[in-house]
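Student: When you get a sec, could you give me coordinates for this:
(chains A and B)
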Amino acid sequence: METNEKLHNIRHSLAHLLAMAVLEKDPAAKFGIGPVIDNGFYYDFEFSKDFTLSPDVLKDIQKSIKKMTNKDIVFEGKEISASDAKKMFADQPYKLELIEGLEKDGKDITIYTSGTFSDLCKGGHVHSVKEIDPEAFAITHTAGAYWKGDEKNPMLTRIYGLAFNTAEELDAYLKQQEEAKKRDHRIIGAQLKLFTTSPLIGAGLPLMQPKGMIIRKEIEDYLWELHQHKGYSRVWTPHIAKEDLYITSGHAAKFGDELFRVQGKEDKFIMKPMNCPHHMQIFADNQFSYRNMPVRYFEPATVYRDEKSGQLGGLTRVRAITQDDGHLFCRQDQIEEEVSTIVGIIKEFYTNFNLMDGYWVSLSVRGEDRSKYLGSDEVWDIAENSLEKAAQANKLNYKRIEGEAAFYGPKLDFMFKDAIGRPWQLATIQCDFNLPERFDLSFANNKNEKERPVVIHRAIAGSLERFMGIMIEHVAGNFPLWLSPVQVKILPVSEKHSEYAQKVFAELAKNGVRVELDDSNESLGKRIRVAKTEKVPYLLVLGDKEVEAGTVTAERRDGAHIDACPLADFITQTKKEITTKEIW
RNA sequence: GCCAAUGUAGCUCAGUCGGUAGAGCAUUUCCAUGGUAAGGAAAAGGUCACCAGUUCGAUUCUGGUCAUUGGCUCCA
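Tutor: Numbering: from 1, shown residues only, chains lettered A, B, ... in the order given. Predicted coordinates:
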């Protein structure tokens, strides 16, 4: 705890020093705020019009901060009146705004002085900047950031810095960042030829290469496998629909300029941004009774959203999103059981991908601004309570989060942590009393009256693109056998062994193993190297020994060896590992 | 969308203070028939992202567009 506090103080003090250094370069700079963040600190500035913050200037700033840490600069704090503070920061509009805010809230105003520089600040510094190790911090990069995080406000320039107790910790952090970069799904995706992009196709519209498509298809098939015996039916809906559909559903008003619009010869269409209204039309085509409920539809469907350009990247944020979408229509008294079934599917799915450790669930409910949501308080209360009960019944590690609900209903959002600890929102279960109302959906209850069904929206993987991107990074390209685009690669030692290699290849392929044969005109060492960089799970090197004995010699990606294994045994074992989705 | 950086061969990158470009890997062909992480040689490959402007001349300078990256904002 004490070391944490010290580190916090170092980072906070460095933010002050950063401001001091900036002041040397641009005496007329206006100051925003300079808080401590994970791994470091930042400070927001508005620079003079004629000042440019070049990379060289940034280096100079870092140099002058390092010099400061040699001096015995001491932080001294004192409480002052609002009027004094306003005088003191008369030429600092952002500071004035902060002072007025503090004054309004009746809070104390303190300033901290270090050398010739004073800043509005509630404290938490080192005593003297000499305590800061000049080798344990770095000014890293700049970015634009809206004042107070509101895009209506002016954009300031944010300077980021890293800071740790020791130079070793800084080094370790930088190394870890490098490791994370090697896992980047955009880099691995290009190396392993999983997907690509083209400026002619457009931003946020990645294309699946054959190898990427194998992974995607396996994930999709697995998802369907988890649903097909639980009462779900596959449906399919077109990619565009008339604008009226989304006016009725309320999505047109909600999504606004994020909708891709398609002008037909006569009608206005919209590229579907979600599938719910479509699935509701499928439901509406039937005369269901209470005996038929729940009715469950499943569709891995691509939807289109015109996300802001600056928001797009890789597979994790795209404009063509394929959801493993499902909607089920049920009676109110069935919600809890249905949610439990879905939770079961989610647990099985994520356990199999080794992602269950450290998960948590957000029970996302309405915020204070009720104008953002459809429907009455009464209906929302029922929906929120049903989800909470289901969360409790399933012993989910959940937290209630205000203001995170969908506009039509509350949700259970599942957060999972990947191999390097980054959290991702993936699965979601949403309870909806409102869209059925808008589309006037009904079934016949046991009194033969029309009753309104509840709709549960749910996605397990969330988006296939995003899930795939996360998986690539989670396993760093080392896919489990069942997901690997190439499961086994055969390398004949020389041309003499080609015939046997062909035979082994044919046997494996016949048994449904994804197998490649590399009999190219390259040295064996070269072909092994290529196979390793492709992260192929099993490598079979076949030479005189194997031909003679009719066996295979395999090396597993993790280094395990299988020597002189009869071909039939290798096939049986590989097939078993594939069907059980074994992870090693 | 906003702030900024970047864009040279399929990939990773040199280079040109304005006179139309080069390496390694990959590709193709030939030689070598190789037992666990790069055998050798040759060839081919570029409208220097795109479009304007300045200039005798632009890959290089200026402006715009597109794309990518890092942030901010957003993510039903």
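Student: alpha carbons only for contacts and neighbour counts from here, please
Tutor: Fine.
Student: so A:Glu402 touches A:Asp369, yeah?
Tutor: No: applying Cα atoms under 8 Å as the test, A:Glu402 and A:Asp369 come out as separate, 10.5 Å apart.
Student: which SS state does A:Tyr173 fall under?
Tutor: Following DSSP: H, G, I helix; E, B strand; the rest coil, we place A:Tyr173 in the helix state.
Student: Let me know the pLDDT of it.
Tutor: A:Tyr173 carries a pLDDT score of 91 in this model.
Student: residue boundaries of the strands in the stretch 301-450 of chain A?
Tutor: All strands of the stretch 301-450 of chain A, identified by DSSP state E, counting those that start in this stretch, fall at A:320-330, A:360-365, A:398-402, A:411-417, A:423-432, A:443-444, A:450-451.
Student: of A:Glu402 and A:Asp369, who's got more company?
Tutor: A:Glu402 (14 against 8; other Cα atoms under 10 Å).
Student: Find the residue closest to A:Leu58 in space, skipping its chain neighbours.
Tutor: A:Ile139 (7.3 Å; Cα to Cα, 6 or more residues apart in numbering).
Student: The one you found pairs with what?
Tutor: A:Gly161 (DSSP bridges).
Student: so what's it up against?
Tutor: A:58-59, A:62, A:159-162 (Cα atoms under 8 Å, 6 or more residues apart in numbering).
Student: Among those, which one lies nearest to A:Phe443?
Tutor: Closest approach between the contacts of A:Ile139 and A:Phe443, by Cα to Cα: A:Tyr160, at 57.9 Å.
Student: Once you drop chain neighbours, what's closest to that closest one?
Tutor: Closest to A:Tyr160 by Cα to Cα, 6+ apart is A:Tyr42, at 4.4 Å.
Student: and if you look at A:Val343?
Tutor: Using Cα to Cα, 6+ apart, the nearest residue to A:Val343 is A:Asn394, at 7.6 Å.
Student: and what of A:Gly326?
Tutor: A:Phe298 (4.3 Å).
Student: and the one you found, helix, strand or coil?
Tutor: strand.
Student: Can you tell me the element A:Gly462 falls in?
Tutor: Assigned by DSSP states H and E, A:Gly462 belongs to strand A:454-463.
Student: swap in A:Thr248?
Tutor: helix A:243-249.
Student: Give me the helices and strands touching the helix or strand that that helix is followed by, please.
Tutor: Downstream of helix A:243-249, the next assigned helix or strand under DSSP H and E is helix A:251-255. Helix A:251-255 is packed against helix A:243-249, with contacts defined by 3 or more Cα pairs under 8 Å, 6 or more residues apart in numbering; DSSP states H and E.
Student: Describe which strands the strand holding A:Gly462 pairs with in its sheet and in which direction.
Tutor: Under the criterion DSSP bridges, strand A:454-463 sits next to strand A:320-330 (antiparallel), strand A:423-432 (antiparallel) in its sheet.
Student: The shortest one vs strand A:411-417, what angle?
Tutor: Our comparison of strand A:423-432 with strand A:411-417, counting by axes from the mean of the first three to the mean of the last three Cα atoms, to 10 degrees, yields an angle of 160 degrees.
Student: buried stuff in strand A:423-432?
Tutor: A:425-432 (16 or more other Cα atoms under 10 Å).
Student: any chance of the strands of the stretch 301-450 of chain A in TSV, with mean pLDDT and distance to RNA strand B too?
Tutor: Converted to TSV, the strands of the stretch 301-450 of chain A look like this (pLDDT from 0 to 100; distance: least, Cα to the nearest atom of the strand, whole Å):
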stretch	mean pLDDT	distance to RNA strand B
strand A:320-330	96	10
strand A:360-365	94	9
strand A:398-402	92	12
strand A:411-417	94	8
strand A:423-432	93	8
strand A:443-444	98	24
strand A:450-451	96	24
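Student: between those strands, which one is nearest to A:Leu18?
Tutor: Using Cα to Cα, the nearest of the strands of the stretch 301-450 of chain A to A:Leu18 is strand A:423-432, at 30.6 Å.
Student: which residues touch that closest one?
Tutor: With Cα under 8 Å, 6+ apart, strand A:423-432 has contacts from A:339, A:342, A:346, A:383-384, A:387, A:406, A:408-418, A:454-463, A:467.
Student: hmm, try it at 6 Å
Tutor: A:383, A:408-417, A:455-462 (Cα atoms under 6 Å, 6 or more residues apart in numbering).
Student: Can you tell me how far the residue most central in space within chain A is from A:His561?
Tutor: The centre of chain A sits closest to A:Trp424, judged by Cα atoms, centre = their mean, with a distance of 4.2 Å. Here A:Trp424 is placed at a distance of 36 Å from A:His561 (Cα to Cα, to the nearest Å).
Student: And for A:Pro294?
Tutor: 51 Å.
Student: Comparing the two, which shows the higher neighbour count?
Tutor: The neighbour count for A:Pro294 versus A:His561, taken as other Cα under 10 Å, is higher for A:Pro294 (21 against 13).
Student: Which pLDDT value belongs to the more buried one?
Tutor: With respect to pLDDT, A:Pro294 has a value of 97.
Student: How about the contacts made by A:Tyr290?
Tutor: Taking Cα under 6 Å, 6+ apart as the definition, contacts of A:Tyr290 comprise A:444-445.
Student: Any stretches of chain A with poor pLDDT?
Tutor: A:1-3 (pLDDT under 70).
Student: what's the single longest helix in it?
Tutor: helix A:2-25 (DSSP state H).
Student: Near RNA strand B, which residues of the stretch 251-400 of chain A are found?
Tutor: A:255, A:258, A:273-274, A:305, A:307-314, A:317 (Cα under 7 Å from any atom of the strand).
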